[in-house]
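>>> 3D model of this:
(one chain, ligands or ions: 1)
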Amino acid sequence: MGLLTGKVAIVTGAADGMGQGIARRFLGEGARVVATDVNAAGLAEFADDDRVATVVTDITADDAADTIVATALARFGRLDIVVNAAGVFQLLPLDDLDFAAWSRMWAINLEAPLLLCVAALPALKACGAGRIVNIASVSSSRARSGFGPYTMTKHALAGLTVSLAVEFGRYGITANSINPGTILTGITRPMMADPAWRRDLESQGVLNRVGTVDEIAAAALYLVGPNSGFTTGHALAVDGGFLVKYPERLVASGTDEA
Ligand SMILES: NC(=O)c1ccc[n+]([C@@H]2O[C@H](COP(=O)([O-])OP(=O)(O)OC[C@H]3O[C@@H](n4cnc5c(N)ncnc54)[C@H](O)[C@@H]3O)[C@@H](O)[C@H]2O)c1
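Next up is the predicted model:
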């Protein structure tokens, strides 16, 4: 018996990075999974697994949310868990805003999770103990130059998460977010290949490294598993200490790092 035996989960962004790691981890704990992504090739590993239904779709397509939820119900007969892991990042300075890029980021990072949760709510209410996990970011509570539009999407995703928690707790549904620091995935691989960015990202927390997809999958498993039933509206930082680290001082004290 795995921790998720009998449960059915939707995982978006399942073709790469955190979504893929979460889908694998849930399967390892006995769940059946609807793995969805716009990248068909990245879903190939799940193709022959009869515990997985794959849905290849752009998550912003008009019918995406309904199709994904309908697939879960048609194939597995129930739905217990929704993990919104599909997302995009782009540096977009606010003083030279590429409005089309901003709108696209907003649609993927905020509107799509909202619409998927709304489509999933009847089934999550019906199962009596629905679980929603949104992959937000340390950018849900911090800002950085060039990150403005991304930061706005992640602040809004935090707002969506707590709103879901408050509005649907009475149905036994919990909604939490994971706020990752830098994790080595498709989004960060190009930056990690640049030595200057690599140094920057590795020094953000207190552990002097970036995180792994497995560390995020372990957090997601906790939030949807049997040991977190009283945890809702929570933002779980998995960030190597980034959010608790005091900003670098300009003058060293001699007893600490500069
Ligand atoms: N990697 C990090 O350091 C980091 C840190 C904080 C938050 N995040 C967030 O984590 C989430 C997962 O990102 P990741 O790092 O695993 O990146 P990733 O690129 O490895 O995975 C994201 C997945 O989302 C899919 N996707 C993107 N746009 C889509 C669309 N329109 N329709 C369907 N699928 C789409 C991609 O194809 C990809 O498989 C994102 O929301 C990201 O903002 C990442």
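>>> residue 140 and residue 214: what is the separation?
Using CB to CB, to the nearest Å, residue 140 is found at 22 Å from residue 214. In short, each C-beta sits where N, CA and C put it, glycine included.
>>> compare these two (neighbour count), which wins?
residue 140 (22 against 14; other CB atoms under 10 Å).
>>> any idea which helix or strand comes after the strand or helix carrying residue 105?
Element membership for residue 105, per DSSP states H and E: helix 99-106. Helices and strands here follow DSSP H and E; after helix 99-106, the next one along the chain is helix 112-127.
>>> is the ligand contacted by the helix or strand just after that next one?
Next helix or strand after helix 112-127 toward the C-terminus (DSSP H and E): strand 131-135. Yes: against the ligand, strand 131-135 shows contacts by CB under 6 Å from any ligand atom at residue 135.
>>> show me what the helix or strand just after strand 131-135 is in contact with.
Under the assignment DSSP H and E, the closest C-terminal helix or strand after strand 131-135 is helix 148-168. For helix 148-168, the external contacting residues (CB atoms under 8 Å, 6 or more residues apart in numbering) are 84, 87, 89-90, 92-94, 97, 101-102, 105-106, 109-110, 113-114, 117, 121, 124-125, 130, 132, 134, 136-137, 139-144, 173-177, 232-233, 235.
>>> buried subset of these, written for ChimeraX?
Those of those that count as buried under 16 or more other CB atoms under 10 Å are selected in ChimeraX with:
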select :84,87,89,92,102,105,106,109,110,113,114,117,121,124,130,132,134,136,137,139,140,173,174,175,176,177,232,233,235
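>>> may I have stretch 161-181 exported as PDB, CA atoms only?
Included here for stretch 161-181 are C-alpha records, laid out as PDB according to Å, rounded to 0.1, in the frame of the first residue of the first chain:
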ATOM      1  CA  THR A 161      -4.500  29.300  -3.100                       C
ATOM      2  CA  VAL A 162      -5.700  30.900   0.100                       C
ATOM      3  CA  SER A 163      -9.000  31.900  -1.500                       C
ATOM      4  CA  LEU A 164      -9.600  28.200  -2.400                       C
ATOM      5  CA  ALA A 165      -8.600  27.100   1.100                       C
ATOM      6  CA  VAL A 166     -11.100  29.500   2.700                       C
ATOM      7  CA  GLU A 167     -14.000  29.100   0.300                       C
ATOM      8  CA  PHE A 168     -13.900  25.300   0.000                       C
ATOM      9  CA  GLY A 169     -12.600  24.100   3.400                       C
ATOM     10  CA  ARG A 170     -16.100  23.200   4.400                       C
ATOM     11  CA  TYR A 171     -16.100  20.400   1.800                       C
ATOM     12  CA  GLY A 172     -13.000  18.900   3.300                       C
ATOM     13  CA  ILE A 173     -10.800  20.400   0.500                       C
ATOM     14  CA  THR A 174      -7.400  21.700   1.400                       C
ATOM     15  CA  ALA A 175      -5.500  24.100  -0.800                       C
ATOM     16  CA  ASN A 176      -1.800  24.800  -0.300                       C
ATOM     17  CA  SER A 177       1.100  26.100  -2.300                       C
ATOM     18  CA  ILE A 178       4.700  25.100  -2.600                       C
ATOM     19  CA  ASN A 179       7.100  28.100  -2.900                       C
ATOM     20  CA  PRO A 180      10.200  26.700  -4.500                       C
ATOM     21  CA  GLY A 181      13.500  28.600  -4.500                       C
END
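>>> run the chain-centre distance for that stretch.
For stretch 161-181, the separation from the chain centroid amounts to 13 Å (computed by CA atoms, centre = their mean, to the nearest Å).
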